[in-house]
Structure formats: structure tokens, C-alpha cells
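>>> Quick one, what's the 3D model for this:
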Amino acid sequence: MKKLSLQPLTQATFAPFGDVVACDRVSPFAINGGTTSRFHDLAELQASGSQAKLIVSIFRGQAFQLPLAIDMLEHHPYGSQLFMPLSQRPYVVVVAKPGELDEDSICAFWAQPDQGVNYHSGVWHHPLISLQQTSDFLVIDRSGEEANCVEQQLSESIQLQLA
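As a prediction, the model looks like this:
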């Protein structure tokens with residue numbers, strides 16, 4: 001079994017796959033008479049296809065323990081998919097670049113509780129990997145007539161582990 005170590009999630013390391021959604025990426029500006037700080041335009045949201053629209057959901061992910069066997073990845077050909085943690089717990093992001101799945105390019109990130117991720121359209125990723133205990137995530141993704149989830153089994157399991 002191949003092994004995959006987690007690396008810190010930063011905008012620079014995650015750029016080939018999408019956006020890190022975090023307040024430290026931009027300078028806020030005051031709104032609502034100065035009572036609120038707005039951290040504006042934190043992700044490039046994408047939606048294409050027939051009757052396409054962006055939708056907001058909450059996903060409740062069951063907790064996993066590391067090490068964890070990764071056997072499949074998925075991607076969304078018609079839109080981005082943004083995950084923002086609502087629980088104050090770290091989680092794991094496993095991704096590969098869009099296009100034909102290159103299993104040698106799979107990488108994994110340790111995401112902090114104040115970091116969200118926005119997978120760009122076509123980016124391969126593992127379904128939600130919550131840690132410690134069941135966790136909620138605000139999710140913004142695409143709804144439309146076309147099926148927008150393609151799953152692919154890996155030729156060999158990858159053991160996800162701490163470095």
C-alpha cells in the first residue's frame with residue numbers, strides 16, 4: 001500500500017486545486033455602519049450546464065481515524081464545491097489535479113478549523129474526512145440537470161497518515 005503524508009494547508013500549496021477560504025487571505029472592510037467586518041470574495045465559485053445554480057447545504061461528516069485507507073476519489077465536472085467547517089475541529093483534504101486521474105499526483109492537507117476549501121471544477125478529491133468527532137460543514141456547490149459527481153476507484157489503496 002502506498003503512503004501519503006499530510007502537509008499544512010496554505011493558499012500556495014492548494015492553488016492547483018482551488019482556493020483556501022480563510023479570513024487571513026484578504027483585508028476586511030467595514031460594513032453595517034462599522035459594526036461588521038466583511039472578508040470579501042474568498043473563493044472562485046463555478047457553475048455550468050443546464051439549469052445550473054449555486055446551492056447552499058450543510059454536510060454532517062462522520063469522524064475518521066488516521067491512518068486511513070483511501071480507495072477512491074471523485075470530481076465535479078460542472079462546478080466548484082466549497083466546504084467551510086462549522087465545527088471547531090481540524091479535517092483532512094485529499095486532492096489531485098483535474099483531467100485524467102494521475103494517482104501519483106495525489107496529495108493530502110491538514111486543514112485547520114478556520115480554513116475552508118473550494119475545489120475548482122474537475123479537481124479530484126476524496127469525500128469529506130472529518131477528524132475527532134462528527135462535524136458539520138457549510139457547503140456551496142452546483143445543482144443542475146447534469147450529473148455532477150464522477151467517482152473513480154484507485155488502482156491501489158493509499159494509506160493516509162500523519163507525517
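>>> Need the three-state assignment for the most centrally placed residue in the chain.
Taking C-alpha atoms, centre = their mean, the centroid of the chain lies closest to V117, which sits 4.2 Å from it. Judged by DSSP: H, G, I helix; E, B strand; the rest coil, the three-state class of V117 is strand.
>>> surely it meets V93?
Yes. V117 lies in contact with V93 (C-beta atoms under 8 Å); the separation is 5.5 Å. Just so you know, the C-beta spots here come from the backbone N, C-alpha and C atoms, and that holds for glycine as well.
>>> where in the chain is pLDDT low?
Within the chain, no stretch has pLDDT under 70.
>>> in it, which spans are helices?
Using DSSP state H, the helices of the chain run over residues 11-14.
>>> Just give me the neighbour total for S121.
S121 is flanked by 20 other residues according to other C-beta atoms under 10 Å.
>>> picking up where we left off before, who's the residue nearest to the centre of the chain bridged to?
Beta-bridge partners for V117, by DSSP bridges, are V20, F83.
>>> which neighbours do V117 and V93 share?
L9, F14, A111 (C-beta atoms under 8 Å, 6 or more residues apart in numbering).
>>> In PyMOL, how would I select just the buried ones from the residues you listed?
Here is the PyMOL selection string for the buried members of those, based on 16 or more other C-beta atoms under 10 Å:
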select buried, resi 9+14+111
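>>> Nearest to L101 among the shared contacts of V117 and V93?
L101 lies nearest to F14 out of these, by C-beta to C-beta, at 18.1 Å.
>>> got the contact list for that closest one?
Contacts for F14 were tallied using C-beta under 8 Å, 6+ apart; they are V20, V93, V95, F109, V117.
>>> Tell me which two of these sit farthest apart.
Maximum pairwise distance among those (C-beta to C-beta): 11.9 Å, between V20 and V95.
>>> V93 contacts G116, doesn't it?
No. Under the criterion of C-beta under 8 Å, V93 makes no contact with G116, lying 10.0 Å away.
>>> Residue for residue, what is the longest strand the chain has?
Ranked by number of residues, the top strand in the chain under DSSP state E is strand 150-161.
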